[in-house]
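>>> All I have is the shape, not the residue letters:
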């Protein structure tokens, strides 16, 4: 320690030289020292040397500590950078995996994440009713069938998958001109896809289902001209569902062939249920026959749970596969006759003594069927809030038959019957393209 109390002062020849004189255990500041005091010089030198040595060691230690701290902080920084890079890579892989699993899309903002509605033909908005004189008839009026509340987007449903490999390689027609978000255009003779617009994405088929119902009934009922009586037990369910009906009443006599027309033209749900029972004994057994036919056609993205088109998340298809179903059905003459009929009259019965008439929901909504190079010859409409507006149609252009299937919700169509407008757009474009090909 140092003492602040000292009067030991010595003077030499140089009054400006000051030194420190040993005092006890330390030194005290003095102004001068005698130049001949070697003892004091040595002590001063020794003390100064020790002080300098200590300061040097202390500086070295501080420098060493700083180096260690710098290395430690550098390591921590590198570890943090590596962790951040690893997290980014993991997030990117998860993102890529989710994209491959497909969600989208029925499907589909355009495919309809909307309030529930009925399965039917999508022409109710046109205000079209049955022909005059259809007394007691509730069907043919395009009332829509309903199944479930809580609409889902088709492209986001877990039961609706993406995929398929049948997309047209060469687009003969640009289907981007259509309002419908899903579409497939096919050559009915060869089955070749001429153009597609998301044609292999899953959709809800709504009342297009009834095409498969009718062809399955034709193939499994031996006598289409037999007269039966409409069973009564299923009508209450149809009333509850507000399902579209052709006009046959409970207990009314009917010819089976009339039910084929009633199922396809006005989309009569009662006709579908009775056909199913006549063909297989029950609707559930009949649906098995429908799915067996789907398998026989090699369709892998189509499945049915009912014969009427009422909405069910487990009932789905694609535009391309529905086109294949229609193409197969059109090879049956009875089906083709029914499918291409504009209107049909039922003979008088005890309940309808004057008979009644129903129209095709497609032709009832059109002024004419003329398109470039030909005409539309038949079609089956469909609609639910989950499915959007659907249409499976056929046209004959320059002597050849073609099939178009459209589905899904359009974003902002000019016409609420845009699915029918789309058929004319597509067939007109096809006629023009074929005309150019022929001219070339």
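In hand now; what should we look at? These numbers were taken from a predicted model, which means no experiment stands behind them.

>>> okay, now residue 283: neighbour count?
22 (other Cβ atoms under 10 Å). All C-beta atoms are positioned from the backbone trio N, CA, C, and that covers glycine.

>>> Likewise for residue 208?
Neighbours of residue 208 using other Cβ under 10 Å come to 30.

>>> got the contact list for it?
309, 317, 322, 380, 381, 382, 390, 391, 392, 405, 407 (Cβ atoms under 8 Å, 6 or more residues apart in numbering).

>>> how about CSV for these, with secondary structure, pLDDT and neighbour count added?
Shown next, in CSV, are those (DSSP: H, G, I helix; E, B strand; the rest coil; pLDDT from 0 to 100; neighbours: other Cβ atoms under 10 Å):
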residue, secondary structure, pLDDT, neighbour count
309, coil, 96, 36
317, strand, 98, 26
322, helix, 98, 29
380, strand, 98, 31
381, strand, 97, 28
382, strand, 97, 31
390, strand, 98, 30
391, strand, 98, 29
392, strand, 98, 30
405, strand, 98, 34
407, strand, 98, 37
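
>>> Tabulate these (CSV), appending distance to residue 299.
Putting these into CSV (distance: Cβ to Cβ, whole Å) gives the following:
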residue, distance to residue 299
309, 17
317, 8
322, 9
380, 17
381, 21
382, 18
390, 17
391, 19
392, 14
405, 13
407, 16
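
>>> Greatest separation within those residues: which pair is it?
Pairwise distances across those peak at 15.4 Å for 317 and 381 (criterion: Cβ to Cβ).

>>> all helices of the stretch 301-440 of the chain, in order?
In the stretch 301-440 of the chain, the helices defined using DSSP state H, counting those that start in this stretch lie at 319-330, 333-339, 418-439.

>>> in terms of contact, does residue 178 touch residue 422 like I think?
Yes: counting by Cβ atoms under 8 Å, residue 178 touches residue 422, with 4.3 Å between them.

>>> list the residues that contact both of these two?
residue 406.

>>> what's the model's confidence in the helix or strand containing residue 65, averaged?
Applying DSSP states H and E as the criterion places residue 65 in helix 38-101. Per-residue pLDDT over helix 38-101 has a mean of 63.

>>> quick one: low-confidence parts of this structure?
1-64, 92-169, 440 (pLDDT under 70).

>>> For it, just list every one of the strands.
20-23, 26-29, 182-187, 193-197, 202-203, 227-229, 253-255, 317-318, 343-346, 356-359, 370-371, 374-384, 388-397, 400-407 (DSSP state E).

>>> Neighbouring strands - and their directions - for the last one?
So the one you mean is strand 400-407. If you go by DSSP bridges, strand 400-407 pairs up with strand 182-187 (antiparallel), strand 388-397 (antiparallel).

>>> so the residue lying closest to residue 339 once chain neighbours are set aside bridges to which residues?
Nearest residue to residue 339 in three dimensions, chain neighbours excluded: residue 378, at 4.2 Å (Cβ to Cβ, 6 or more residues apart in numbering). In this entry, residue 378 is beta-bridged to residue 394, by DSSP bridges.

>>> which residues sit in contact with residue 378?
Counting by Cβ under 8 Å, 6+ apart, residue 378 has contacts 336, 339, 340, 341, 360, 362, 393, 394.

>>> Please report the distance of the first one from residue 260.
When distance is defined by Cβ to Cβ, to the nearest Å, residue 336 is 12 Å away from residue 260.

>>> Closest one of the contacts of residue 208 to residue 172?
Distances from residue 172 to the contacts of residue 208, taken by Cβ to Cβ, are shortest for residue 405, at 15.8 Å.

>>> quick one: that closest one and residue 324 touch, right?
No: using Cβ under 8 Å, residue 405 is not in contact with residue 324; the gap is 9.3 Å.

>>> what touches both of the two?
Contacts common to residue 405 and residue 324, judged by Cβ under 8 Å, 6+ apart, are residue 186.
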